[in-house]
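Participant: whatever this is, show me its structure:
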Amino acid sequence: MTYRDVASRQVLIWACTAVASRMPVAMTPLALVFLVRERPGGYTLGAALAAAYVLGEILGAPVLGMRLDPARGRRHLALGLAGGTVGFVGLGVLAGAHPVVLGAFAFLAGAAPAAVAGGQRALLTSLVPERAVAQALSIESMLMSGVWAVSPVAVAGLALGVAPRVPLLLAAVLMAASITGHWLLPAGWAKGEQDEEAGRTKTRVLIRAWPVYVTGAASLTLLGLAELTLPALLEQRGIGVGWSGPMLAGMAVGAGLGAFLYGMRSWPGRLRNRSVVLMCVMSVFVTLAALIPGAAGIAVALVLAGTVQSGALITRNLSLREALPPGILAAGYAMMYAAAGAGYAATGSLAGGLLQVVAPSTAILAGVAVTLLLTALGWWGEARRDRSSAAGDLDVGVVRGAEGAPVAGGCDAERSL
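Facilitator: Residues are numbered from 1 along each chain as shown. Model prediction:
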């Protein structure tokens, strides 16, 4: 298992397509604030538009993800990207429109392509050998870390140096370009027909994977809380608020480094146990960031937290591959995307409420406590589901043996369970 296993022309095309489609996602919240900040009550309106955008993502990801066809997913992804392009064009061209109109376009820009990330991840893993899936997911994480590091700088530079609507028009151009990229890739990510039983029970199977969604959302919720409270934390420590940008960029770089290191080798232990360890280590680093008084120490702690977080997210994606049939894996990724969006939105509300009554450092520590509780809940849910599955497999083996059907491994197989 090395990165050579994923080095191919199709993976390179996928990478360019994914960056073009996800750069707008990273740019939009800040771009919406710059778009309307010079209006009366502009910052409040910008926050409301960003909320409409995130709400579109949260609602669109599970609804559209359930409808992705693994054999002909390209058509669905292209339609979603086209809808997102329309939303971004509306925001850029009609920048002075009524807030309700802008809110509608923001919702469309978030909802229409919300399932694209899940479909693209499923497509990526179909382009590489099974043994190289972890490396492929590591590459995706590295790319997205770069996207999130570059996007705020690009938005601020274009909005302040050219015009506030330019970042949103650039987002429309990038999203439209990603449609072209998909026509250079396979039409879908599954060969043959979807399993009939999985198709009939898709919703139930997706719901059974809830522990993975909980743990995946928990890691993003924690770092989201750290990001949102960082300016207030720096002010509490007597550090210039302007350092928050470089610190967050360093955290994104750390996430890319962590993804690279994770894909360098195979790691021991069950995925759920590995995830718990990484989440606990990340919680330690975020706690240190909340308690350390100096700027350098806070920066180092955030970089290390980002490094560990990328590994935790990769284990969640790998766990989802174990929990779901291939035919509905893209829908599962979309569900986790929605869960992460909901967690991030809840984080914003939690941060706003806590900062009214406690110090920023205390708010971060409260977020750490919530994250550890969610991690424990997710681990318990996965362990319980695995025990239930093992018991079901054992029952099936006993019944088949009693009926005289051939059972692989016979009694030895039953004892191994």
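
Participant: next one: the spatially most central residue of the chain from Ala323, what distance?
Facilitator: Geometric centre of the chain, nearest residue: Tyr337, 5.1 Å, by Cα atoms, centre = their mean. Going from Tyr337 to Ala323 by Cβ to Cβ, to the nearest Å gives 16 Å. C-beta: built from backbone N, CA, C; applies to glycine.

Participant: picking up where we left off before, what about the residue nearest to the centre of the chain, which helix or strand?
Facilitator: helix 329-354 (DSSP states H and E).

Participant: buried set for that helix?
Facilitator: Counting neighbours by 16 or more other Cβ atoms under 10 Å, one finds that the buried residues in helix 329-354 are 329-345, 347-348, 350-351, 354.

Participant: what helices and strands are in contact with that helix?
Facilitator: Contacts defined by 3 or more Cβ pairs under 8 Å, 6 or more residues apart in numbering; DSSP states H and E place helix 329-354 against helix 42-65, helix 116-126, helix 202-208, helix 210-236, helix 295-323, helix 360-403.

Participant: wait, Gly258 touches Gly306, no?
Facilitator: Yes. Proximity of Gly258 to Gly306 meets the contact threshold set by Cβ atoms under 8 Å, at 6.7 Å.

Participant: dump the residue contacts of Ala209.
Facilitator: Shown in contact with Ala209 (Cβ atoms under 8 Å, 6 or more residues apart in numbering): 320, 323-324, 332, 335.

Participant: and with 6 Å instead?
Facilitator: For Ala209, the contact set (Cβ atoms under 6 Å, 6 or more residues apart in numbering) comprises 323-324, 332.

Participant: helix or strand with the lowest mean pLDDT in this structure?
Facilitator: Taking mean pLDDT, DSSP states H and E as the measure, the chain has helix 410-416 as its least confident helix or strand, at a mean of 34.

Participant: hang on, the earlier thing: can you list the helices and strands packed on helix 329-354 in a markdown table and add mean pLDDT, mean neighbour count and distance to Ser141?
Facilitator: As requested, those are exported to a markdown table (pLDDT from 0 to 100; neighbours: other Cβ atoms under 10 Å; distance: least, Cβ to Cβ, whole Å):
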| stretch | mean pLDDT | mean neighbour count | distance to Ser141 |
| --- | --- | --- | --- |
| helix 42-65 | 88 | 20 | 19 |
| helix 116-126 | 93 | 26 | 10 |
| helix 202-208 | 82 | 15 | 23 |
| helix 210-236 | 83 | 23 | 12 |
| helix 295-323 | 91 | 22 | 5 |
| helix 360-403 | 75 | 16 | 19 |
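
Participant: tell me which of these lies nearest to Leu185.
Facilitator: Among the helices and strands packed on helix 329-354, the nearest to Leu185 by Cβ to Cβ is helix 116-126 (6.5 Å).

Participant: by contact count, what packs against the closest one?
Facilitator: Contacts defined by 3 or more Cβ pairs under 6 Å, 6 or more residues apart in numbering; DSSP states H and E place helix 116-126 against helix 9-36, helix 73-93, helix 133-161, helix 329-354.

Participant: please redo it, this time with the cut-off set to 10 Å
Facilitator: helix 9-36, helix 42-65, helix 73-93, helix 133-161, helix 166-182, helix 295-323, helix 329-354 (3 or more Cβ pairs under 10 Å, 6 or more residues apart in numbering; DSSP states H and E).

Participant: following the third one, which helix or strand shows up next?
Facilitator: This means helix 73-93. Going down the chain from helix 73-93, the next helix or strand is helix 99-111, by DSSP H and E.

Participant: can I have that next one written out in PDB, keeping just the CAs?
Facilitator: This file holds the C-alpha atoms of helix 99-111, laid out as PDB (Å, rounded to 0.1, in the frame of the first residue of the first chain):
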ATOM      1  CA  PRO A  99     -32.400  39.900   1.000                       C
ATOM      2  CA  VAL A 100     -35.200  37.200   0.400                       C
ATOM      3  CA  VAL A 101     -34.000  36.800  -3.200                       C
ATOM      4  CA  LEU A 102     -30.400  36.500  -2.100                       C
ATOM      5  CA  GLY A 103     -31.400  34.000   0.500                       C
ATOM      6  CA  ALA A 104     -33.200  31.900  -2.100                       C
ATOM      7  CA  PHE A 105     -30.100  31.800  -4.300                       C
ATOM      8  CA  ALA A 106     -27.900  31.000  -1.300                       C
ATOM      9  CA  PHE A 107     -30.200  28.100  -0.400                       C
ATOM     10  CA  LEU A 108     -30.000  26.800  -4.000                       C
ATOM     11  CA  ALA A 109     -26.200  27.200  -4.100                       C
ATOM     12  CA  GLY A 110     -26.000  25.000  -0.900                       C
ATOM     13  CA  ALA A 111     -28.700  22.500  -1.600                       C
END
